[in-house]
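A.B. asks: Based on what follows, work out the 3D shape:
(2 chains)
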Amino acid sequence: MDYEIVVIGGGPAGLAAAIEAKQKGVSSILIIERDRELGGILQQCIHNGFGLHVFKEELTGPEYAERFINELKDEGIDYMLDTMVLELSKDRTITAMNGKNGLMHIKAKAIILAMGCRERTRGAISIPGTRPAGVFSAGTAQRYLNMEGYIVGKRVVILGSGDIGLIMARRMILEGAKVLAVAEVMPFSGGLMRNIVQCLDDFDIPLLLSHTVTEIKGNGRVEGVVISKVDENLKPIPGTEISYDCDTLLLSVGLIPENELSREAGILIDKSTNGPIVNEAMETSISGIFACGNVVHVHDLVDFVTAESRRAGSHAAEYVLGSVEVDKEGLATIPGDGISYIVPQKIRSENLSDKVTFFMRVNKTFSNVSLVVKSGDHVVREFKRKHLAPGEMESIELEKEVIEAMGLESLTIEVRKEA
Amino acid sequence: MYDVAIIGAGVIGTAIARELTKYKANVVILERGHDVSVGTTKANSGIVHSGYDAPFESNKGRFNAKGNEMYEKVCKELDVPFHRIGSLVCAFEDDDLETLEKLKINGEKLGIPGLKIIDQATVRAMEPNISDTVISALYAPTAGITEPWALAVAYAENAMDNGASLMLDFEVKTIEKSNGGYKISSADINIEAKYVVNCGGVYADEIYKLIDPTSSMEIQPIKGQYYLLDKNCGSLVNHVVFPCPSKLGKGTLVVPTVDGNLLVGPDSELLATSEKEAVDTEKERLDYVRTLASKLIKDIPYRETVTTFSGLRADPKSGDFILEESSCDGFFNAAGIKSPGLSCAPAIGTYMADLLALKGGFEENPLFNPIRRANIKMSHMTDEEKNILIQKDPRYGRIICRCEMITEGEIVDVIHRNAGGRTVNGIKRRARPGAGRCQGGFCSPRVLEILAREMKSDMRDIYLEGRDSKILMGLTKSSDKEVI
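C.D. replies: Model (predicted):
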């Protein structure tokens, strides 16, 4: 089995990348999807707010996915469901398995990684206590509610004020549960402001900043949790413990790009993003293997996933059609003060058309600052920003000439506080 | 009336049950949990010790070396993983060097083969990540690692394949002499057996006192807490790495698991006899485990933690394993089986079974089949083997657990075996979904669906572990499922 482009993952990233590649002239494309339907995580995100940028409409997750699924089918792009990729090799052979065909070895000229991410678990953050039923990652709870039709609990505490936790707080209330509190270990929330307002404020759910869950109680089922205040080093402060009587704990404590396949293939991973190091073409360290969406870095808005994935699809098409000539590494983008990571991590100015967008996250909240782009010590450009937060991905744009003028010097982006 | 009733389906109870089926004896295993192996056997280090530190002339001494020797054969018959990776007891200062010498001499007296004291350079060559403060070590090549709950499940399954019965959710409330044997009652069922073997773990003393209230047997729980780290850390160590043993026990160690994870722990905390259900983890104790472990191995990457857990050792106040017929005729105790209990299990199994066979005059069972049908592990098969299986049953082509690459077919298989898995944790113990880095985040809705379908029940009735641990609490307002 051979295809020109194989896309691993049929969620929003994979769908957009495949469609773009087809429209840019590649005819032989396959999407491999492990779930029983296309759409990825969008299928369980029944709240709206998707597509404000791409469609200028407020769609639900499934509606947004449906637009792309329909387009995919109109384009006649092949896809396999209930199929798991077991292995990816450097020479771009994919080993996959399903019940119908058994084990398959699929050769591709180019591969687009779109595997998305998984949730950080209770075990990974070592919350002490017993191990009863009733502890769920927020996404798993969302799947039970929105796709399987079951409620997971009646009295809920949520740890983590990232978007998934906030959305699930509202979701549980709408199903008749009591949500007693959302605890957040940082002094600021990790989610979008609109979610704080629409999910917590509107429902009078207390948000406890600088708090965390320090114990889970209950034998068979959760009977309660203990929440403590934390200090500036995020360590629980003894004496601040409060017990909450609940039967459910939802965890929204971080997303981790799923790069097991990437790592096993030898693709270089950025320790800050946990995703592949990519260049301006969304190409990884292995030539011909591209990546886009949450597998590269965790996004807040699916609209940006779509834009990024269209870029990846477009460049993968160029690669397959033989129209890329650039061989060099390019210059590295370096996160400076206040910046957690920058994507792409490498820029080859020769391959740029006119502009390039850099995506980044800051490591804490800032007000009234400038994002300063430097080449070595030389300040190239500044962008004023009123408000920056880790939970809201930031971007800046630079023209091709500006990058070219940097030569081989690295590009640093840092946060500078205004006087 | 049964010939033998075994109380407790941990590794000791199930080992004895299986060895008893080599005789023509009607055996029943009574387990208070909703699955086998949910007590101490579920939460320990999984180590098969060489046995050099067991006191000479003790049960521990007698059974450790023998049990260790039996592991290859038993694990082959029962298809349980066992890797003889060897162990290192590490010395940090001169006093420790003396201890190593003493252990070596004791071990040689017990007939433990291959013991060698090695110097710092050799330790570093064998364990590149060993702490700089380790100056020497005792190397014991016969130590190994296994999966303790897999062994108990396999023993139980093989015992049942050979005719034994298993009664779960049977919490012993009373034991009385009756009809020449014993009547054992739970809250709602009575069974009668000529002989009883008490393998009640931390509760063995309380169980024995049901028939002999004057007994001085006392079992104290000693808690131990652990970190389990991701598979990408499994090669941080190559052997079981111990510190020198102390009064508290063998110490906090660092060891790979048979699945390739890294296990760090346990600590050792004596609890009150009223705390026999205290299997919670605590931050201070977990932090303490880190401190102890850092003495042995450099830079343990705790950010790769998959989970933490704790278990209780059944510590006999009398000091040694209690393996004997009690003063109540026909009532046997296999109690106080803390470390090296797992290592001794195969030997304790045959010993106790033979004791009972002698007592009861049991004949040999010519139909006994020692072989348990092998676990189906797709991830270990060749491409052709995979395709043959998938052709027969397409469920073997559908991966449910992406972290460990486990298929629906494998899950269905472990549900329907004797002593099969019927809970989410039961599936985790037998087939791995839920044991990986996502801790069930991806697979548990699918595992619930499969369990409900295969057991002809409803997802809302599936337990995580015991009968008080339902996972789902009802339907959503717009659900298309039936109200029950």
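A.B. asks: How about the residue in the stretch 1-150 of chain B that chain A sits nearest to: what's its closest non-neighbour residue?
C.D. replies: Residue of the stretch 1-150 of chain B nearest chain A, by Cβ to the nearest Cβ: B:H34 (9.5 Å). C-betas here are computed from N, CA, C, even on glycine. Residue nearest to B:H34 in three dimensions, not counting chain neighbours: B:G466, with 4.9 Å by Cβ to Cβ, 6 or more residues apart in numbering or on different chains.
A.B. asks: Can you tell me the SS state at that neighbour?
C.D. replies: Secondary structure state of B:G466, per DSSP: H, G, I helix; E, B strand; the rest coil, is coil.
A.B. asks: Could you do B:V255 as well?
C.D. replies: Under three-state DSSP, B:V255 comes out as strand.
A.B. asks: Check what pLDDT residue 85 gets.
C.D. replies: Unless you meant another one, I'm taking chain A. For A:V85, the pLDDT comes out at 97.
A.B. asks: not what I meant, chain B
C.D. replies: Reading off the per-residue confidence, B:I85 sits at a pLDDT of 98.
A.B. asks: Determine the number of other residues adjacent to it.
C.D. replies: A count of nearby residues for B:I85, using other Cβ atoms under 10 Å in any protein chain shown, gives 18.
A.B. asks: With A:L249 instead?
C.D. replies: A count of nearby residues for A:L249, using other Cβ under 10 Å, gives 26.
A.B. asks: The residue of the stretch 1-150 of chain B closest to chain A touches B:Y463, doesn't it?
C.D. replies: Yes - with contact defined as Cβ atoms under 8 Å, B:H34 reaches B:Y463; the gap is 6.4 Å.
A.B. asks: anything in contact with each of these two?
C.D. replies: Between them, B:H34 and B:Y463 share the neighbouring residues B:R422, B:T423, with contact defined by Cβ atoms under 8 Å, 6 or more residues apart in numbering or on different chains.
A.B. asks: Now do the helices in chain A.
C.D. replies: All helices of chain A, identified by DSSP state H, fall at A:12-23, A:61-74, A:138-143, A:163-174, A:193-195, A:260-264, A:302-320, A:400-405.
A.B. asks: quick one: which of these is nearest B:K183?
C.D. replies: Comparing these by their distance to B:K183 (Cβ to Cβ), the top pick is helix A:138-143, with 46.0 Å.
A.B. asks: can I get the CA coordinates of the closest one in CSV?
C.D. replies: Coordinates of each C-alpha in helix A:138-143 appear next as CSV, following Å, rounded to 0.1, in the frame of the first residue of the first chain:
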residue,chain,number,x,y,z
ALA,A,138,-11.8,16.3,32.4
GLY,A,139,-11.6,15.1,28.8
THR,A,140,-12.5,11.5,29.7
ALA,A,141,-15.5,12.8,31.7
GLN,A,142,-16.4,14.9,28.6
ARG,A,143,-16.4,11.8,26.4
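A.B. asks: what about the closest residue to B:P370 other than its chain neighbours, helix or strand, and which?
C.D. replies: By the measure of Cβ to Cβ, 6+ apart, the closest residue to B:P370 outside its immediate chain neighbours is B:E77, 4.5 Å from it. Using DSSP states H and E, the secondary-structure element containing B:E77 is helix B:59-78.
A.B. asks: what's next to that helix, contact-wise?
C.D. replies: Residues from elsewhere that reach helix B:59-78, judged by Cβ under 8 Å, 6+ apart: B:48-51, B:54-55, B:80-82, B:84, B:110-112, B:142-144, B:146, B:151, B:154-155, B:158, B:320-323, B:340, B:343-348, B:350-351, B:370-372.
A.B. asks: and what of stretch B:131-140?
C.D. replies: Counting contacts by Cβ under 8 Å, 6+ apart, the residues touching stretch B:131-140 from outside are B:50, B:52, B:86-93, B:96-97, B:100, B:103-104, B:107, B:112, B:114-120, B:123, B:126, B:239, B:294-298.
A.B. asks: Restricted to strands, list the residues you listed.
C.D. replies: Here DSSP state E is the test, and those give B:S87, B:L88, B:V89, B:C90, B:A91, B:K116, B:I117, B:I118, B:D119 as lying in strands.
A.B. asks: Most neighbours among those, which one is it?
C.D. replies: Neighbours here mean other Cβ under 10 Å. Within those, the largest count is held by B:V89, at 29 neighbours.
A.B. asks: ok, back up a step: wait, which of the ones in strands among the contacts of stretch B:131-140 is closest to B:P243?
C.D. replies: Set against B:P243, the nearest of the ones in strands among the contacts of stretch B:131-140 by Cβ to Cβ is B:C90 (5.7 Å).
A.B. asks: Let me see the contact set for that closest one.
C.D. replies: Contacts for B:C90 were tallied using Cβ under 8 Å, 6+ apart; they are B:D96, B:V123, B:I130, B:S131, B:V134, B:S136, B:A137, B:V241, B:F242, B:P243, B:C244, B:L296.
A.B. asks: let's see it at 6 Å
C.D. replies: The neighbourhood of B:C90, defined by Cβ atoms under 6 Å, 6 or more residues apart in numbering or on different chains, consists of B:V134, B:A137, B:P243.
A.B. asks: again with A:G149
C.D. replies: Contact analysis of A:G149 by Cβ under 6 Å, 6+ apart lists B:L475, B:T476, B:S479, B:D480, B:K481.
A.B. asks: residues from chain B in reach of chain A?
C.D. replies: Applying Cβ under 6 Å from any Cβ of the partner chain, one finds that chain B approaches chain A through B:280-283, B:305-308, B:383, B:386-387, B:390, B:394, B:397-399, B:438-439, B:441, B:445, B:464, B:466, B:468-469, B:471-476, B:479-481.
A.B. asks: Hmm, A:A65 and A:L42 touching each other?
C.D. replies: Yes - if you go by Cβ atoms under 6 Å, A:L42 and A:A65 touch, sitting 4.1 Å apart.
A.B. asks: what's around whichever residue of the stretch 51-200 of chain B sits closest to chain A, how many residues?
C.D. replies: Per Cβ to the nearest Cβ, B:D169 is where the stretch 51-200 of chain B lies closest to chain A, at 12.8 Å. With neighbours defined by other Cβ under 10 Å, the count for B:D169 comes to 16.
A.B. asks: Please tell me how far it sits from B:I415.
C.D. replies: With the distance defined as Cβ to Cβ, to the nearest Å, B:D169 ends up 17 Å from B:I415.
A.B. asks: Repeat that for A:Y341.
C.D. replies: Computed with Cβ to Cβ, the distance linking A:Y341 and B:I415 is 44 Å.
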